[in-house]
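> A structural model of the following input is requested.
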Amino acid sequence: MNSRHPEPSFTDASDARFAELVAEGIPAELPPPARRDPEVSHAPARRQVLSRADKALALRNALRYLPPAWHEEMAPELAAELARDGRIYMHRLRPTGYAMHARPIDAYPARSRQAAAIMLMIQNNLDPAVAQYPHELITYGGNGTVFQNWAQYRLTMQYLAEMSDEQTLVLYSGHPLGLFPSHPDAPRLAVTCGMVVPHYSRPEDYERLAALGVTSYGQMTAGSFMYIGPQGIVHGTTITLLGAGRKYLGTEDGLAGKVFVSSGLGGMSGAQAKAAVIAGAVGVIAEIDPTALKKRHAQGWLQEYETDLDKVLTRVERARAAKEPLSLGYLGNVVDLWERLAAAGVTVELGSDQTSLHNPYAGGYYPVGLSWDQANAMMRTDPDQFRTHVQESLRRQVAAINQMAARGTHFWDYGNAFLLEASRAGAEVNRPEGGFRYPSYVEDIMGPICFDYGFGPFRWVCTSGDERDLAATDELAAEVLAALQATAPADVRRQLGDNLRWIRHARDHAMVVGSQARILYADAEGRRRIAQAFNRAIGEGRISAPVVLGRDHHDVSGTDSPYRETANVRDGSSLCADMAVHNVIGDGFRGATWVSLHNGGGVGWGEAVNGGFGLVLDGSEDAARRADAMLFWDVNNGIARRAWAGNPEAVTAAQRALAAEPRLRLSLPETADEAVVEAALAAHE
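Sure thing, here's the model as predicted:
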């Protein structure tokens, strides 16, 4: 069932009134001042980084969205927002005439069916049941922004309502540049987030540019409107845990009796608890934010929680002995948890961390020794002292993890910049010969098992909002995977089997938060076949409305990130972003409904470039043609790059792609003899 909880202060509008309000753009009359809703989680105040001249520039930048007649009243209010929050969100323009959540596609007043689907996806990203800080337009990760301010939201929805299938809307970091003439096969929307000149891609540059209102951090799927709640990371975390068990512990079908310890129950990390249960483990997840923890508990994603570490340890041992799948939250700091586990000699088989360490000093990581409120105050009023606390906390956390690892715990970096920031803090995470002592989960698990074979986080949203349509898509996807598994080569049969089991039981795990959406890991052939099955079912009326296809940017081709997605690309090109950029370009001219290119992602500003897409299936032959062409490229671009890097699994996948598509030609690598290389170098030393 849909577990969306509308904002309690709103009475939802009638269909006709909603259609009018969502398309109005900047309203004709200035709305009354906004009140702060205590029932909604709010973003922490950001550091004050602007000079006096910059503050004036930020204010002028914001006022250009508003009629001049409003400026005298709004200028002091926006200046107060900047002084209080470190950002200008334009809270007064947040819509209050309707609740924020995805509606069935026919509720949207759009000339273009594709544009209506985008409107639906935007509202889903801002649904309070989905978004981390909905009133600050942040979906997840502490700063994963959908728009910079509410004027941008309003104008974007207005443009989408007006758009025809011969226009394309352009968004610069949330700013709607305008509608431009194009053609039906062109994307209806092109999005960039944070694409600054590389020299200015340091974290401090982001803080200043975001405060000025000229750039945004779109994370991966926040700024591209493709977030589907924590379901997406539940699946990826489940696959990772199963893979970790097979690689490190020799388990096959699950983690019964094994303990997994991590941190984070907020946006993306909120999925860890449910994933641990699905994998059969005893999952212990620390979370310092009581609102985030209790939200996951109320939604059923977290089974139990404790504030007492003695009770945590007792409950863990009881569940371990009974081989009981359990998700147990610890409302407290993860450093205290790790240190207590180490001191008590508790056996922990698997460990990781999913705090938002791409944003360590502005709410992404809360240091031990400070309460939630103390930390939020200090990061704003004394940022240097807060940085000192964060770095000391990271050193303590790593020291405790190192003690546990010496006793047999297998720890990995979850691609959240944990090891990167810990190393910068002086924690003992570096190996003498270079690199980190713990692997990235992509480097050690997901890269060789999934990405190099083309398996990645394919997802879809049923725009009807009808759970019966979602059930139909589950059945169709399961039929496709079962047929593929029956004839699959041995090296990908397990991946297909894991995902077949997932999709057959997805409804049992109550995954839906917000829109009626689903995810699974599929390769190029699986994605194309699933898309065609959906499109036929829409055309035949078995699915009642269009389906939006997408994926996490965290995928085979979507992201260049040396500490995560491309951590197992070892030819020196892991620092290059050609793949992600070409992915978006190629998707755009092969028929994607919208495309997006972002700086950042889960590992931090300047640490990755990532791209994504949305594709609307409407049952037509045109949709079938676009899906077939685009999905083949979207995966095999990454396969070709990974094969050229010499990854043997990717070479195998590339050879299969060549056999399946006669128009495809690829550059595949020849392998250099190491003895020849060494001899050639030695001759000149």
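> now the helices for the stretch 301-450 of the chain?
309-322, 334-344, 372-381, 383-406, 418-424, 441, 447-449 (DSSP state H, counting those that start in this stretch).
> And the stretch 1-150 of the chain, by the same measure?
Under DSSP H, counting those that start in this stretch, the stretch 1-150 of the chain gives helices at 15-22, 52-63, 68-85, 113-126, 150-162.
> and among these, the most buried is which?
Ranked by mean neighbour count under mean count of other C-beta atoms under 10 Å, the helices of the stretch 1-150 of the chain are led by helix 113-126, which reaches a mean of 25. In this view, the C-beta of every residue, glycine as well, is placed from N, C-alpha and C.
> tell me the angle of it relative to helix 150-162?
Relative orientation of helix 113-126 and helix 150-162, computed by axes from the mean of the first three to the mean of the last three C-alpha atoms, to 10 degrees: 150 degrees.
> For helix 113-126, C-alpha coordinates in CSV please.
What follows is helix 113-126 as a C-alpha-only set of coordinates in CSV (Å, rounded to 0.1, in the frame of the first residue of the first chain):
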residue,chain,number,x,y,z
ARG,A,113,1.6,13.5,-21.9
GLN,A,114,5.4,13.3,-21.4
ALA,A,115,5.4,16.7,-19.6
ALA,A,116,2.6,15.5,-17.3
ALA,A,117,4.8,12.5,-16.4
ILE,A,118,7.6,14.8,-15.5
MET,A,119,5.3,16.9,-13.3
LEU,A,120,4.2,13.7,-11.5
MET,A,121,7.9,12.8,-10.9
ILE,A,122,8.8,16.2,-9.6
GLN,A,123,5.9,16.1,-7.0
ASN,A,124,6.9,12.7,-5.9
ASN,A,125,10.5,13.9,-5.2
LEU,A,126,9.0,16.6,-2.9
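> counting contacts, what elements does it pack onto?
Counting contacts by 3 or more C-beta pairs under 8 Å, 6 or more residues apart in numbering; DSSP states H and E, helix 113-126 is packed against helix 150-162, strand 456-462, strand 547-551, strand 609-617.
> ok now that helix, how far from the chain's centre?
Mean-position distance between helix 113-126 and its chain equals 17 Å (C-alpha atoms, centre = their mean, to the nearest Å).
> Stretch 412-427 too?
Relative to the centre of its chain, stretch 412-427 is centred 19 Å away, using C-alpha atoms, centre = their mean.
> returning to what we had before: mean pLDDT and distance to residue 373 added to the helices and strands packed on helix 113-126, as TSV?
Listed next are these as TSV, based on pLDDT from 0 to 100; distance: least, C-beta to C-beta, whole Å:
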stretch	mean pLDDT	distance to residue 373
helix 150-162	98	27
strand 456-462	96	36
strand 547-551	97	38
strand 609-617	97	34
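> want to throw those into JSON lines with distance to residue 449?
Shown next, in JSON lines, are those (distance: least, C-beta to C-beta, whole Å):
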{"stretch": "helix 150-162", "distance to residue 449": "38"}
{"stretch": "strand 456-462", "distance to residue 449": "11"}
{"stretch": "strand 547-551", "distance to residue 449": "17"}
{"stretch": "strand 609-617", "distance to residue 449": "21"}
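> how about the ones you listed, which one is nearest residue 649?
Among the helices and strands packed on helix 113-126, the nearest to residue 649 by C-beta to C-beta is strand 456-462 (13.4 Å).
> Figure out how far that closest one is from the centre of its chain.
Mean-position distance between strand 456-462 and its chain equals 13 Å (C-alpha atoms, centre = their mean).
> just checking, what packs against it?
Helices and strands touching strand 456-462, by 3+ C-beta pairs under 8 Å, 6+ apart, are helix 113-126, helix 231-244, helix 467-486, strand 517-522, helix 524-540, strand 547-551.
> List the strands paired with the next helix or strand after the last one, with their directions.
Just to be clear, that refers to strand 547-551. Once strand 547-551 ends, the next helix or strand along the chain (criterion: DSSP states H and E) is strand 559-560. If you go by DSSP bridges, strand 559-560 pairs up with strand 609-617 (antiparallel).
> Would you mind writing the CA trace of the partner strand as PDB?
Output of strand 609-617 as PDB, limited to C-alpha atoms (Å, rounded to 0.1, in the frame of the first residue of the first chain):
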ATOM      1  CA  VAL A 609      30.100  13.300 -12.700                       C
ATOM      2  CA  ASN A 610      26.800  11.400 -13.200                       C
ATOM      3  CA  GLY A 611      23.900  11.300 -15.600                       C
ATOM      4  CA  GLY A 612      20.500   9.900 -15.800                       C
ATOM      5  CA  PHE A 613      17.300   9.700 -17.900                       C
ATOM      6  CA  GLY A 614      13.600   9.300 -17.900                       C
ATOM      7  CA  LEU A 615      11.600   7.600 -20.600                       C
ATOM      8  CA  VAL A 616       7.800   7.500 -20.900                       C
ATOM      9  CA  LEU A 617       6.200   4.400 -22.300                       C
END
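> what's the closest of the helices of the stretch 301-450 of the chain to residue 55?
Closest to residue 55 of the helices of the stretch 301-450 of the chain, according to C-beta to C-beta: helix 372-381, at 15.8 Å.
> Buried by neighbour count: which residues of the closest one qualify?
Using 16 or more other C-beta atoms under 10 Å as the test for burial, helix 372-381 gives 375, 376, 378, 379, 380.
> angle of that helix against helix 383-406?
130 degrees.
> Can you report how many residues lie near the nearest residue to residue 61 once chain neighbours are set aside?
Once flanking residues are discounted, residue 61 sits nearest to residue 213: 4.5 Å by C-beta to C-beta, 6 or more residues apart in numbering. Neighbour count of residue 213, defined by other C-beta atoms under 10 Å: 28.
> can I assume residue 213 is in contact with residue 58?
Yes - using C-beta atoms under 8 Å, residue 213 is in contact with residue 58, at 5.6 Å.
> Identify the contacts common to those two.
Common contacts of residue 213 and residue 58, defined by C-beta atoms under 8 Å, 6 or more residues apart in numbering, comprise residue 88.
> For the buried residues of helix 372-381, give me a markdown table that also has pLDDT.
Converted to a markdown table, the buried residues of helix 372-381 look like this (pLDDT from 0 to 100):
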| residue | pLDDT |
| --- | --- |
| 375 | 94 |
| 376 | 91 |
| 378 | 94 |
| 379 | 91 |
| 380 | 86 |
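> Any chance of the helices of the stretch 1-150 of the chain in TSV with distance to residue 463 as columns?
Listed next are the helices of the stretch 1-150 of the chain as TSV, based on distance: least, C-beta to C-beta, whole Å:
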stretch	distance to residue 463
helix 15-22	15
helix 52-63	33
helix 68-85	34
helix 113-126	6
helix 150-162	14
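> With that, I have no additional questions.
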